[in-house]
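Asks: With the input below, show me the fold.
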Amino acid sequence: HPPAMDSSGSGAASLVKYSVLLGIVLLAFTVRLFAVLRYESIIHEFDPWFNYRATAYMVQNGFDNFLNWFDTTAWYPLGRIVGGTVYPGLMVTSGAIYWLLQLLSVPVHIRDVCVFLAPTFSGLTAIATYLFTKEVWNERAGLFAAAFMGIVPGYISRSVAGSYDNEGIAIFALMFTYYLWVKSVKTGSVMWAAMAALSYFYMVGAWGGYVFIINLIPLHVLTLLLMGRCTNTIYTAYTVFFIMGLLLSMQVPFVGFLPLKTSEHMAAIGVFGLVQLNALFQFLRPQLSSAEFRRLYISLLGIAVGLCVPSLMLLTYLGYVAPFSGRFYSLWDTGYAKIHIPIISSVSEHQPTTWVSFFNDLHVLSSLFPAGLWFVFHRLTNERVFIVLYAVSAVYFAGVMVRLMLTLAPIVVVCASICISHVLDSFLDNAEPVPDAPKPPKRERNSPETHGFLLAMVIVLLSLYTIHCVYTTQTAYSSPSVVLSTYNNDGSKAIIDDFREAYFWLWQNTKPDSRVMSWWDYGYQIAGMGNRTTLVDNNTWNNSHIAMVGMAMSSNETRAYEIMRSLDVDYVLVIFGGLIGYSGDDINKFLWMVRIGEGEHPDEIHEPDYFTPNGEYRIDSAVSDRMKNCLMYKLSYYRFGEVLSYGREPGYDRTRNAVIGEKNVQLTHLEEAYTSENWLVRIYRVLPPVNRKQVLLSEKEKQIEQARRNTGPIGARKGTIKDKLVVQKPGSHKSIISERDYERKRGKTSG
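Replies: Residues are numbered from 1 along each chain as shown. Here you go, the predicted model:
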């Protein structure tokens, strides 16, 4: 071992360490600013628009009003209780930062706080990853992990400036919770376990992915229990964490009693019971003989299993414990959602991950990850068992759903850092020796050629990784979906701002209480930028309501008009990319509208009707009659048959690379209200019902009608009956004559 460093050497090392960490934090923040530098400080994507709108409402009206906010402009005519259907951690975090800046007299708009929140937390995530890796391996690996985490594309994809979504702060909460959990496992301290529970509480309030934590930690404890490593430190850590975490998580309104009533949380409760039972066994073991203890162990374990499993099944059958959700089943059966819950399968981020995505989001770390995991497995400790379990489970879930690449990136970073740190510790003379690391022969370690080759390889790998991360960030993850960009023939950059132009038109040219029907993808944007009432949005909590919109889009115009009238729709908004080649338009999403609509209305919607006889989905001359006459086809291609597109014949769809089959589209119940510059957004006005044909009156009839209206209120007018019959009594007999004859007769008599 080298001699101990003096205080000056230790101080210099600490200064270097903290300087490196500060540089990593600044790098993590600045690399996420491409979107702001290229465009402007705006909110990206779809969900972030609702988060921003909710945050602005909370800042203006207070937290109590936010929790009780009933949004009448969403999910018309149902509405939405926002406070009880949202994870408020993101809004509370932004609001706290905004209020702190206001307290310090820093003039800032809440929008700017929301835009820069994710880049700010990316630096904190790098620090949390450093602490976690330092705790499970060593400090050098922690510094590598912080650097990798700061720029890994798998995390940058959801944390660039403007990406105001829950994951921007949730990954920090995830890693910080895991760090505190590992710390409590190593020390058995009640304080660290309580801090882990508090961090878990923040995670629960920030993201629905907290279920991953509350299942992975019990899995870690169960594995240690089966390995015979469940000591008093593990018992203290898990007991404190579980009880405090359970009580705190139930304080989030959206969660409530779910930790006690859903199957996803039953594993944590079951492991808690096993830990208590194991503690009882450990307490009784010294007081009993081996035979007595064996009989007691088998008896109590059998009774516990025999009571708990049937009780859980009974409670599930009676409805007290909710069964596993469709999202849970879709994680284990990739085809489940497409068959039973198409709305889940229709989301692009719920698709299985391709190998290209793995390499694009992890790059060289994907190659270092298995080696680092092997080093961890080779020297297992209680905390390193957690790394193995985390790695295996995250790899599986990330392969099933591309969105869960977020949870895989941190553990890949940790294992890759351990790999590089282990190699450098093993081969470089000036590295601090690691007790667990096997040492190669001295001659080989002291070889200058070995040092040079090793350092060159590490530098090349890190350089390639850095270049790839920066390039991927600026090209793939720094383009807001509401503002598109392309290049002209001369190489100049062109900005396509159709989305914001259309939403601004909605805001300025429609009544404040207008209802807009669109596919659910655009609901948050319409509400956030257009400030108009929507029927469905990205919350997707009511599948039946979404299916109604899908049926309207899939039906012919007459049937769709009946549905729109029943929902009080004033405008219909569709996204059409056929003119500029935008592939994310509604025609490409249309089959999901058909499938979701068919799921609720199988008598009216049949997916095969929208295909050609050969089973092809086409919009050209071979288009099916049902497809050609549906509302979505008409609204997308209305007047498009007259448009010349880049030298092609009229009606050429650049997205589908085909000429549309029906160029003379006619509308009966709708009229075009607005089409954006590049035809990307098209808005149609729903016409009122046609009245009965007006009857033309003659001049005399008009005078009579006008006189009738001028006689005052109905109750004040005296009615007359023409040719009224009157009873006459001449002498002794009665006779009935008309009123006109009676008056004529009276006139002759008086004359």
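Asks: so what's Pro370 up against?
Replies: Contact analysis of Pro370 by CB atoms under 8 Å, 6 or more residues apart in numbering lists Cys415. Heads up, the C-betas are built off the backbone N, CA and C, glycines and all.
Asks: you'd agree it is in a strand?
Replies: No. Counting by DSSP: H, G, I helix; E, B strand; the rest coil, Pro370 is located in no strand; its state is helix.
Asks: That one and Val412: what is the separation?
Replies: Relative to Val412, Pro370 is positioned 10 Å away (CB to CB, to the nearest Å).
Asks: Also Thr655?
Replies: Thr655 sits at a distance of 35 Å from Val412 (criterion: CB to CB).
Asks: Name the residue in those two with the higher neighbour count.
Replies: Comparing Thr655 with Val412 by neighbour count (other CB atoms under 10 Å), the higher total belongs to Val412, at 28 against 18.
Asks: Wait, the more buried one touches His363, no?
Replies: No. Counting by CB atoms under 8 Å, Val412 does not reach His363; the two are 10.1 Å apart.
Asks: List the buried residues in stretch 22-35.
Replies: Of all the residues in stretch 22-35, those buried under the rule 16 or more other CB atoms under 10 Å are Ile24, Val25, Leu27, Ala28, Phe29, Val31, Arg32, Leu33, Phe34, Ala35.
Asks: give the contact list for the last one.
Replies: Ala35 makes contact with His44, Val160, Ala161, Gly162, Ser478, Ser479, Pro480 under the criterion CB under 8 Å, 6+ apart.
Asks: excluding its backbone neighbours, what's nearest the third one?
Replies: Just to be clear, that refers to Ala161. The shortest distance from Ala161 to any non-neighbouring residue, by CB to CB, 6 or more residues apart in numbering, is to Val36 (4.7 Å).
Asks: Now for that neighbour, how many residues are close by?
Replies: For Val36, using other CB under 10 Å, the count is 19.
Asks: Where does it fall, secondary structure wise?
Replies: Applying DSSP states H and E as the criterion places Val36 in helix 34-38.
Asks: sorry, back to before: list just the nearest of the contacts of Ala35 to Ala126.
Replies: Distance to Ala126 across the contacts of Ala35 (CB to CB) is lowest for Val160, with 15.1 Å.
Asks: can you tell me the average pLDDT over the helix or strand hosting Val25?
Replies: Using DSSP H and E, Val25 maps to helix 7-30. Helix 7-30 shows a mean pLDDT of 87.
Asks: all strands of the chain, in order?
Replies: All strands of the chain, identified by DSSP state E, fall at 70-71, 80-81, 484-487, 493-496, 515-517, 533-534, 571-575, 652-653, 658-659, 670-675, 681-686, 725-728, 735-738.
Asks: Distance to Gly599 for those - can I get that in a markdown table?
Replies: Putting the strands of the chain into a markdown table (distance: least, CB to CB, whole Å) gives the following:
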| stretch | distance to Gly599 |
| --- | --- |
| strand 70-71 | 26 |
| strand 80-81 | 22 |
| strand 484-487 | 32 |
| strand 493-496 | 34 |
| strand 515-517 | 19 |
| strand 533-534 | 21 |
| strand 571-575 | 21 |
| strand 652-653 | 28 |
| strand 658-659 | 29 |
| strand 670-675 | 26 |
| strand 681-686 | 25 |
| strand 725-728 | 68 |
| strand 735-738 | 71 |
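Asks: any low-confidence regions in this structure?
Replies: 1-9, 326-327, 337-338, 428-447, 647, 691-705, 707-751 (pLDDT under 70).
Asks: gap between Asn523 and Phe50?
Replies: For the record, residue 523 is Gly, not Asn. 8 Å.
Asks: intersection of neighbour lists for these two?
Replies: Asp537, Asn538, Asn539.
Asks: Leaving out sequence neighbours, find the closest residue to Ser357.
Replies: Ser357 sits nearest to Val402 (CB to CB, 6+ apart), 5.9 Å away.
Asks: shouldn't the one you found be in contact with Val356?
Replies: No. Counting by CB under 8 Å, Val356 is not a contact partner of Val402; they are 10.8 Å apart.
Asks: Which one's more surrounded, the two?
Replies: Val402 (20 against 8).
Asks: Now do the more buried one against Ser478, distance only.
Replies: 19 Å.
Asks: related to what we said a few turns ago, and Leu247, which of the strands of the chain is closest to it?
Replies: strand 80-81 (23.7 Å).
Asks: quick one: strands adjacent to the closest one?
Replies: strand 70-71 (antiparallel) (DSSP bridges).
Asks: Just the residues contacting the partner strand, thanks.
Replies: Outside strand 70-71, the residues that reach it (CB under 8 Å, 6+ apart) are Gly79, Arg80, Ile81, Val82.
Asks: thinking again about what came up before, which elements pack onto the helix holding Val25?
Replies: helix 117-136, helix 139-151 (3 or more CB pairs under 8 Å, 6 or more residues apart in numbering; DSSP states H and E).
Asks: tilt between it and helix 139-151?
Replies: 20 degrees (axes from the mean of the first three to the mean of the last three CA atoms, to 10 degrees).
Asks: any idea of the angle helix 7-30 forms with helix 117-136?
Replies: Relative orientation of helix 7-30 versus helix 117-136 (the same axes, to 10 degrees): 140 degrees.
Asks: any idea where the helices of the stretch 351-500 of the chain begin and end?
Replies: 355-362, 365-378, 382-400, 405-427, 442-445, 448-476, 498-509 (DSSP state H, counting those that start in this stretch).
Asks: Throw the ones you listed into a markdown table and include distance to Ser624, thanks.
Replies: Below are the helices of the stretch 351-500 of the chain laid out as a markdown table (distance: least, CB to CB, whole Å):
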| stretch | distance to Ser624 |
| --- | --- |
| helix 355-362 | 34 |
| helix 365-378 | 44 |
| helix 382-400 | 34 |
| helix 405-427 | 38 |
| helix 442-445 | 71 |
| helix 448-476 | 36 |
| helix 498-509 | 29 |
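Asks: now for these, which one comes closest to Met203?
Replies: It is, among the helices of the stretch 351-500 of the chain and with distance given as CB to CB, helix 405-427, at 12.0 Å.
Asks: OK, contacts around the closest residue to Tyr39 other than its chain neighbours?
Replies: Nearest residue to Tyr39, sequence neighbours excluded (CB to CB, 6+ apart): Val483, at 5.4 Å. Going by CB under 8 Å, 6+ apart, Val483 touches Tyr39, Ile42, Ile495, Ile496, Asp497, Phe499, Arg500.
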